[in-house]
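Asks: Sequence unavailable; structure follows:
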């Protein structure tokens, strides 16, 4: 949580004086009233994080639906639902292609979304997560925004990175491995699988729905990476099934991202109902709820005993 600046400090100014600190007067002895100027050495951010106030944990705060805490005297909105929604829609479209829905098996329809929504908008949401002090949200949203931009570049025909006649389809490359493109794509997706696993470990003290989002996304990257390795080995049937499995896990991840986005958007001001996020028993919120239930039972037992 960002620290609070002392309101009194915002009114600190220095009085413009004459030589040797004496107010200037004219030759008639009348005092000139000079306008005060802000002290150039005054820094409104100097008191940030100097106290013992709680701060946003890596997996909590603005990016954690269910643990949202409005920060007093702050005008920033919660950027997490925007980033989650951008991720969800782009993942949904690409997963439809991976599942061969309606016989569509060409992923280029995801390119405009990868650049505009899943890429740019999610990256901007990640930057605003930095502004509100959420390390996890900034890292996750900015990184996946970068993933979608990179994916869009990879599928852009003019770049021709993995297409026919590209650098992996030259005669020299084919002489080494005619299916080198699949191995390269496998490396790309394996790296994102490792990164998502790191983020997954940071959700273990969060909520069940948030954990399941990263768990399904982790399996999506793993299945897609393995599908390219299987294609490189010439096992086309296994590669196709693994791609469909990746599309299935990606579809689950997309809907869980929308679910968590709705949990972060919906409140008493705009929704008639709130969706549960199911806090882990060992999480901070889970302990608070457990202690509250224990205190309630104790009070009820004490009331029955006194009666």
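Replies: That came through fine. Computed from a prediction, not measured in an experiment: that's the story for all the values here.

Asks: show me where pLDDT drops low in the chain?
Replies: For the chain, the stretches flagged by pLDDT under 70 are 1-74, 305-307.

Asks: give me that answer again for 80
Replies: Scanning the chain for pLDDT under 80 picks out the ranges 1-75, 286-287, 289-290, 297-307.

Asks: Quick one: the strands in it, in order.
Replies: Assigned by DSSP state E, the strands in the chain fall at 13-14, 37-38.

Asks: Next one: residue 218 from residue 296, what distance?
Replies: Distance, residue 218 to residue 296, using Cβ to Cβ, to the nearest Å: 38 Å. C-betas here are computed from N, CA, C, even on glycine.

Asks: what about the two, which has more around it?
Replies: residue 218 (21 against 10; other Cβ atoms under 10 Å).

Asks: Quick check: the more buried one touching residue 201?
Replies: No: at 10.2 Å, residue 218 does not count as touching residue 201 under the criterion of Cβ atoms under 8 Å.

Asks: top helix in this structure by residue count?
Replies: Ranked by number of residues, the top helix in the chain under DSSP state H is helix 236-265.

Asks: any idea how far that one is from the chain center?
Replies: Mean C-alpha position of helix 236-265 versus that of the full chain (Cα atoms, centre = their mean, to the nearest Å) differs by 17 Å.

Asks: same thing with stretch 209-223?
Replies: 14 Å.

Asks: How about stretch 298-307?
Replies: Taking Cα atoms, centre = their mean, one finds stretch 298-307 lying 46 Å from the centre of the chain it belongs to.

Asks: Stretch 233-243 too?
Replies: Using Cα atoms, centre = their mean, the offset of stretch 233-243 from its chain centre is 32 Å.

Asks: contacts for that stretch?
Replies: With Cβ atoms under 8 Å, 6 or more residues apart in numbering as the test, stretch 233-243 has contacts from 98, 179, 182, 223, 224, 226, 227, 228, 230, 231.

Asks: hmm, try it at 10 Å
Replies: Residues from elsewhere that reach stretch 233-243, judged by Cβ atoms under 10 Å, 6 or more residues apart in numbering: 97-100, 105, 178-179, 182-183, 222-232.

Asks: For it, list every residue counted as buried.
Replies: Buried residues in stretch 233-243, counted by 16 or more other Cβ atoms under 10 Å: 239, 242, 243.

Asks: Now residue 99: phi and psi?
Replies: Residue 99 has phi and psi values of phi -90, psi 0 when expressed as degrees, to the nearest 10.

Asks: ok, so what distance separates the closest residue to it other than its chain neighbours from residue 93?
Replies: The shortest distance from residue 99 to any non-neighbouring residue, by Cβ to Cβ, 6 or more residues apart in numbering, is to residue 247 (3.8 Å). Separation of residue 247 from residue 93 (Cβ to Cβ) stands at 11 Å.

Asks: Can you pull the residues that touch both of those two?
Replies: Listed as contacting both residue 247 and residue 93 by Cβ under 10 Å, 6+ apart are residue 101.

Asks: count of residues packed around residue 113?
Replies: Residue 113 has 21 neighbours, counted by other Cβ under 10 Å.

Asks: swap in residue 102?
Replies: Residue 102 has 7 neighbours, counted by other Cβ under 10 Å.

Asks: Quick check, it in contact with residue 109.
Replies: No: Residue 102 is beyond contact range of residue 109, at 11.6 Å (criterion: Cβ atoms under 10 Å).

Asks: what comes up buried for the longest helix of the chain?
Replies: For helix 236-265, burial by neighbour count (16+ other Cβ under 10 Å) applies to 239, 242-265.

Asks: go on, stretch 281-288?
Replies: For stretch 281-288, the neighbour count (16+ other Cβ under 10 Å) marks 283, 285, 286 as buried.

Asks: export those to a markdown table and tack on distance to residue 166?
Replies: Listed next are the buried residues of stretch 281-288 as a markdown table, based on distance: Cβ to Cβ, whole Å:
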| residue | distance to residue 166 |
| --- | --- |
| 283 | 47 |
| 285 | 49 |
| 286 | 50 |
